[in-house]
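Student: Here is a sequence together with a model predicted from it:
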Amino acid sequence: MENSIVLSIMAAAIIAGTPLLYAALGEILAERSGVLNLGVEGMMLAGAVSGFMVTVMSGNNWLGLIFAILAGGFMALIHAFLCVTLKANQVVSGLALTIFGTGVSGYLGKSLIGIPAPVTFEKIPIPVLAKIPVLGPVLFNHDALVYISYILVPLIWFFLYRTNAGLKLRSVGENPAAADAVGVNVFLTRYVYVIVGGMLAGIGGAYLSLAYAPTWLEHMTAGRGWIAVALVIFAVWDPVRALIGAYIFGGVDALGFRLQAMGIMIPSFFLKMLPYIFTIVVLILATRETHKKRVGAPGSLTLPYDREER
Amino acid sequence: MSVPQIAKKEQGFRVTLEKRGTTPYLIHFLVPVSSVVAALLVGAIFLKATGHSPLEIYAMMFDGAFGSMYGISETIVKAIPLMLTGLGVSIAFRMLLWNIGAEGQLYMGAFAASWVALFAPDMPGYIMLPLMFIAGFLGGALWGLLPAIPRAFLGVNETITTLMLNYVAILWVDYLVYGPWKDPKGFNFPLTAPFRDSASLPTFGNSRVHLGLLFALAAVVIVYVLLKHTRWGYEIRIIGESQNAARYAGMNIGKNILLVMLLSGGLAGLAGMAEVSGITHRLQHGISSGYGYTAIIIAWLSKLNPWAIIIVSFLFGGLLVGGFSIQTSGLPSATVFMLQGLILFFVLGGEILTRYRIKLQRGRK
């Protein structure tokens, strides 16, 4: 393949990986606090539809983004209330969130189908940096949300491993009773990070409807929320590895799309299967790896915290 | 410790939760019923806020689903795949295996049954239908086994793998009906040639209710007997309650994961067979209206009880049929999923009442 095609696939991988990255970063924060949220797909859809709807109504994509964040956060609040306060089953609550998000976005989005976004997140080449050969066109010729995600990854890494608040978050996820004993508010911590996680998933959804597509389609996430959950396992709950994983998955997505556009003889249905099959394979490999190295999920993941049972 | 874990001060009273020793029988019934009512109320607020009349919409749904003999028969038609997938999902859930791949397993069952019907069309019905039955079961069962293998041997998260396989199965069926299996006389619609009559399940009277109803009811009885009266069912229940206890008792957890997923997928596969053989009489795009996902809600609302699944499937069948009838007033089919999600939220939230008792206490400071 020609050089320019390779570069364009790499740039497309970053764009396709960005919604996954936002959602995975959010899920990392929630799971680090000990709450599994399988509702990522639903929160992304809520973000995608509300971001798109507000952008259509106001003509301002940043306002749309804010509403996407609020929608994702609100959905996550339901999950937090059910799982943290009412100690409901986290798996089933997450599934409920996905079913609800699918339904509510389809309901609200019905009148939006077929409307193009009036404004989108446009490409802003970064002066100087965009001129660097290879790296420039791949990394520095994107929209603002991609750049924000570049900054977010080291920021979350630093927060998790180098700040007191990050240590508290990790301790709540690993051993809530011990964290409670030293005065960390387990319930509040879980609420905060589940909601922040939902907000990030909301951004991931808005990225699809306001930058990637950019339009609203019913169920436009097409499993990306679930791929993001798989990505968290692949990333061993680490934001930097999530970035690498997101771009690899984005690459598979972009490659399938590109092969289709080039009129390759493989039926498009098989190319569309690629990301899903790839997710399964990667999940199997990642699970083997984490077992071997004895690293894994936060200790209290999926377990509700009950002070009486200390 | 006597410190209540959830305490809210409200005007001199506080609401505290106290662990129940035993749960009154009535609670098990009241919680799901009031959950559905509460979900419909919230749904009503939502409908109102978006400019619809909730009473009118609900009346229209009820009338569509239960208001006529035709409505009721259509509700039963929808209840058949829901019962089969709901049962399948509930067996897996009982072992805390989160099989959310019933949708894909249904599609693979439909694919396998259609394969028999399309490529060995000359068999008489009494051979054809049992073969399609077996093929449908196996198609779903093997699709369920696929994620069970990495789960049993490597501990790979089955929630994600079963869900990913849904997309693969749907794309596979789409590939067939848009491609090699497309009916040349089908005006380019994504469907296969119609099956011969020998491949169609008999129906009751002149309704669309087909023999699949008997499969589903028989499956309920079989699953009940399996779970309650066999050693295997006992093992499944123990593993679901405590993996460690099961391991100490020498039960083979890996083997049970494989078997449960085979059965769980097989039941969903039967639902697929029943749909193509009983309803569409051909394989086509979009044969399931999300039955595999609704199954999750049905299983949970029924508390994994096979008998309750019959009733709950009937009600959710009604919800689907009602959902179709409101589409004439411009509401999307997604409305039904929104209501389903709300119902599950309230069921989950309401479960705390089965475990705790709410007490009002005079506020001490």
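Tutor: Thanks, I have it.
Student: Counting neighbours, what do you get for the residue of the stretch 51-200 of chain B found nearest chain A?
Tutor: Using Cβ to the nearest Cβ, the single residue of the stretch 51-200 of chain B nearest to chain A is B:Tyr175, 3.7 Å away. C-beta coordinates here come from the backbone N, C-alpha and C atoms, glycine included. For B:Tyr175, the neighbour count with other Cβ atoms under 10 Å in any protein chain shown is 17.
Student: all helices for the stretch 101-250 of chain B, in order.
Tutor: B:102-119, B:125-154, B:158-178, B:212-229, B:231-241, B:243-248 (DSSP state H, counting those that start in this stretch).
Student: Who are the packing partners of the third one?
Tutor: Applying 3 or more Cβ pairs under 8 Å, 6 or more residues apart in numbering or on different chains; DSSP states H and E, one finds that helix B:158-178 contacts helix A:224-234, helix A:268-293, helix B:102-119, helix B:125-154.
Student: Would you mind giving the ones you listed as a markdown table with mean neighbour count and mean pLDDT added?
Tutor: As requested, these are exported to a markdown table (neighbours: other Cβ atoms under 10 Å in any protein chain shown; pLDDT from 0 to 100):
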| stretch | mean neighbour count | mean pLDDT |
| --- | --- | --- |
| helix A:224-234 | 28 | 94 |
| helix A:268-293 | 18 | 89 |
| helix B:102-119 | 28 | 96 |
| helix B:125-154 | 22 | 95 |
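Student: hmm, back to that, to A:Val153, which of the helices of the stretch 101-250 of chain B lies closest?
Tutor: Minimum separation from A:Val153 across the helices of the stretch 101-250 of chain B (Cβ to Cβ) falls at helix B:158-178, 22.5 Å.
Student: Contacts only, for residue 63.
Tutor: Because you didn't say which chain, this covers chain A. A:Val54, A:Thr55 (Cβ atoms under 8 Å, 6 or more residues apart in numbering or on different chains).
Student: not quite, I wanted chain B
Tutor: Under the criterion of Cβ under 8 Å, 6+ apart, the neighbours of B:Asp63 are B:Gly71, B:Ser325.
Student: Make sure it is indeed in a strand.
Tutor: No - checked against DSSP: H, G, I helix; E, B strand; the rest coil, B:Asp63 lies outside a strand; its state is helix.
Student: re earlier: which of the helices and strands packed on helix B:158-178 sits closest to B:Ile343?
Tutor: Taking Cβ to Cβ as the criterion, helix B:102-119 is the member of the helices and strands packed on helix B:158-178 that comes nearest to B:Ile343, at 17.8 Å.
Student: quick one: is that closest one near chain A?
Tutor: No - for a cut-off given as Cβ under 8 Å from any Cβ of the partner chain, helix B:102-119 has no contacts with chain A; the smallest distance is 10.0 Å.
Student: cool, stretch B:304-312 as well?
Tutor: No - with Cβ under 8 Å from any Cβ as the criterion, chain A is not reached by stretch B:304-312; the gap is at least 11.3 Å.
Student: tell me the mean pLDDT for that stretch?
Tutor: Over the span of stretch B:304-312, the pLDDT mean works out to 94.
Student: Convert it to CSV, retaining C-alpha atoms only.
Tutor: Only the C-alpha atoms of stretch B:304-312 are listed here, as CSV (Å, rounded to 0.1, in the frame of the first residue of the first chain):
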residue,chain,number,x,y,z
LEU,B,304,-35.6,-17.0,37.6
ASN,B,305,-38.7,-19.1,38.4
PRO,B,306,-39.7,-21.2,35.4
TRP,B,307,-43.5,-20.9,36.1
ALA,B,308,-43.4,-17.2,36.6
ILE,B,309,-41.6,-16.9,33.2
ILE,B,310,-44.8,-18.1,31.5
ILE,B,311,-46.9,-15.2,33.0
VAL,B,312,-44.2,-12.6,32.6
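Student: which stretches of chain A form strands?
Tutor: Listed from the start of the chain, chain A has strands (DSSP state E) covering A:124-125, A:141-142.
Student: Setting aside sequence neighbours, what's the nearest residue to the closest residue to chain B within the stretch 101-250 of chain A?
Tutor: Scanning the stretch 101-250 of chain A for proximity to chain B using Cβ to the nearest Cβ identifies A:Gly106 as nearest, at 2.5 Å. Excluding the flanking residues, the one nearest A:Gly106 by Cβ to Cβ, 6 or more residues apart in numbering or on different chains is B:Ala334, at 2.5 Å.
Student: How about A:Lys272?
Tutor: Beyond its immediate neighbours in the sequence, the residue positioned closest to A:Lys272 (Cβ to Cβ, 6+ apart) is B:Leu171, lying 5.5 Å away.
Student: Is the one you found in contact with A:Leu274, as I believe?
Tutor: No - contact between B:Leu171 and A:Leu274 fails when scored by Cβ atoms under 8 Å: they sit 10.0 Å apart.
Student: How about stretch B:41-48, which residues are buried there?
Tutor: Of the residues in stretch B:41-48, B:Gly43, B:Ala44, B:Phe46, B:Leu47 count as buried by neighbour count, 16 or more other Cβ atoms under 10 Å in any protein chain shown.
Student: For the second one, give me the backbone phi and psi.
Tutor: Put plainly, it is B:Ala44. Its backbone dihedrals place B:Ala44 at phi -60, psi -40, with angles given as degrees, to the nearest 10.
Student: Next up, the contacts around it.
Tutor: B:Ala44 is in contact with B:Pro54, B:Leu55, B:Tyr58, counting by Cβ under 8 Å, 6+ apart.
Student: Run through the residues of the stretch 201-310 of chain A sitting next to chain B.
Tutor: Going by Cβ under 8 Å from any Cβ, the residues of the stretch 201-310 of chain A near chain B are A:218, A:222-223, A:226-227, A:229-230, A:233, A:267, A:269-270, A:272-273, A:276-277, A:279-280, A:283-284, A:287-288, A:291, A:306-308.
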